[in-house]
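Visitor: how would this look folded up:
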Amino acid sequence: MSRRLVTSLAAALALAGAHSAGAQTPGSLTGAVLNGAATPSLGIGAVTIDCEPTGTSTGTYSVVGTALGPFPGTYEETGSFLISDGQVTAYEADFTIQSGLTEIDGTKALRTSISAVCTNDPEPTIAAFTNVAVTTSYEATISTPVGTFTDEGRTSSGAQMLTTPDGRASAATQTSLISEAPLITPTTSGHVTGGGFIGDVVDEWVSFGFSAKSDGSTAKAQCSVSDRSARIDIKCLDATSLTQTATHATFVGNARVDGEPTTYRIDVNDAGGPAAGGDTFTIQTASGFTASGVLAGGNIQIHD
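Guide: Numbering: from 1, shown residues only. Got it, this is the predicted structure:
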């Protein structure tokens, strides 16, 4: 896959995933990011494109890759979609995450088409090319050694596929998930700090810095979050609860968005040092602002 196509997919997904909403319960998928790819000529996945730029185009794919966030591990997905008049009119997929002894089985269904394109022979080395970005609903069963949980929410999903005149094919997908299950936030002792940005630093990004701490009964926090493209600034005023594990933390409280009072929820995942990759940041407010993604720069640190 050409560098230009990979870059365009990343940009489309950054745009699609910069404002996603949801909440998290214990055992939910909030903050998960799934990256998949297929190269059938190497025996990895499958790709089928029936491209009709002036009619209805179809695409199917099977990809394998990695899961980042609360359940890091391996990931597989099989999906299909229809494109008509520049919009995705149907989209569905099945996915599986294997994270240690935990297995997650889920499905996705179309909510909203964000963008879609299907072209024949856009350049001499490509026979057909599709690029779609959608918002989907998901349902998942999370099977762990300590119990089985169900979760549901919405995703920002994207898929890019191409075939060449000599029959070669490839695909790349990315999905960011945020739960919409009922909010549960018991307070535990903990301390978490972080700063950085998510999104595309050239076109659209959200920068943040925060610190949250709890002794198990009383929590406190401060944060500053700025959406460059929307010109929105958020200040956390306090924390009413903090929940922390070895790799994940959630804290909620009161905030101001451009000076107006609201409440907020922040979910973060710590995948290791700044160079490890995979740290995630998610914020949502009662006034309607949401942002979620893997850090493109910075670090999340969950302290002992």
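Visitor: hey, let's count contacts and neighbours off CA atoms from now on
Guide: Noted.
Visitor: count of residues packed around Thr112?
Guide: When neighbours are defined as other Cα atoms under 10 Å, Thr112 has 17 of them.
Visitor: what's the following helix or strand after the host helix or strand of it?
Guide: Per DSSP states H and E: Thr112 is located in strand 102-120. Heading C-terminal from strand 102-120, the first helix or strand you meet, by DSSP H and E, is strand 128-144.
Visitor: so which bits of that following strand are buried?
Guide: For strand 128-144, the buried set under the neighbour-count rule, 16 or more other Cα atoms under 10 Å, comprises 128-143.
Visitor: next one: stretch 100-115
Guide: Counting neighbours by 16+ other Cα under 10 Å, stretch 100-115 gives 102-115 as buried.
Visitor: one more: stretch 152-172?
Guide: In terms of neighbour count (16+ other Cα under 10 Å), stretch 152-172 has its buried residues at 152-164, 169-172.
Visitor: just the C-alpha atoms of it, please, in CSV.
Guide: These are the backbone C-alpha positions of stretch 152-172, laid out as CSV (Å, rounded to 0.1, in the frame of the first residue of the first chain):
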residue,chain,number,x,y,z
GLU,A,152,-22.4,-1.7,23.9
GLY,A,153,-21.5,1.7,22.4
ARG,A,154,-20.4,3.3,19.3
THR,A,155,-17.2,3.5,17.2
SER,A,156,-15.4,5.6,14.6
SER,A,157,-14.5,3.0,12.0
GLY,A,158,-12.6,3.3,8.7
ALA,A,159,-11.5,1.0,6.0
GLN,A,160,-9.3,1.5,2.9
MET,A,161,-8.9,-1.1,0.2
LEU,A,162,-7.3,-1.3,-3.1
THR,A,163,-6.6,-3.8,-5.9
THR,A,164,-4.0,-3.6,-8.7
PRO,A,165,-4.3,-4.6,-12.4
ASP,A,166,-2.2,-7.7,-11.7
GLY,A,167,-4.7,-8.9,-9.1
ARG,A,168,-2.9,-7.9,-5.9
ALA,A,169,-5.0,-6.5,-3.1
SER,A,170,-4.6,-4.9,0.3
ALA,A,171,-6.6,-3.3,3.1
ALA,A,172,-6.2,-1.2,6.2
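Visitor: pLDDT of it, averaged?
Guide: In this model, stretch 152-172 has an average pLDDT of 91.
Visitor: what are the ranges of the helices in this protein?
Guide: Using DSSP state H, the helices of the chain run over 3-17.
Visitor: look up which residues are beta-bridged to the residue nearest to the spatial centre of it.
Guide: In the chain, the C-alpha nearest the mean C-alpha coordinate belongs to Ser176, at 1.4 Å (Cα atoms, centre = their mean). Residues in a beta bridge with Ser176, per DSSP bridges, are Val33, Ser156.
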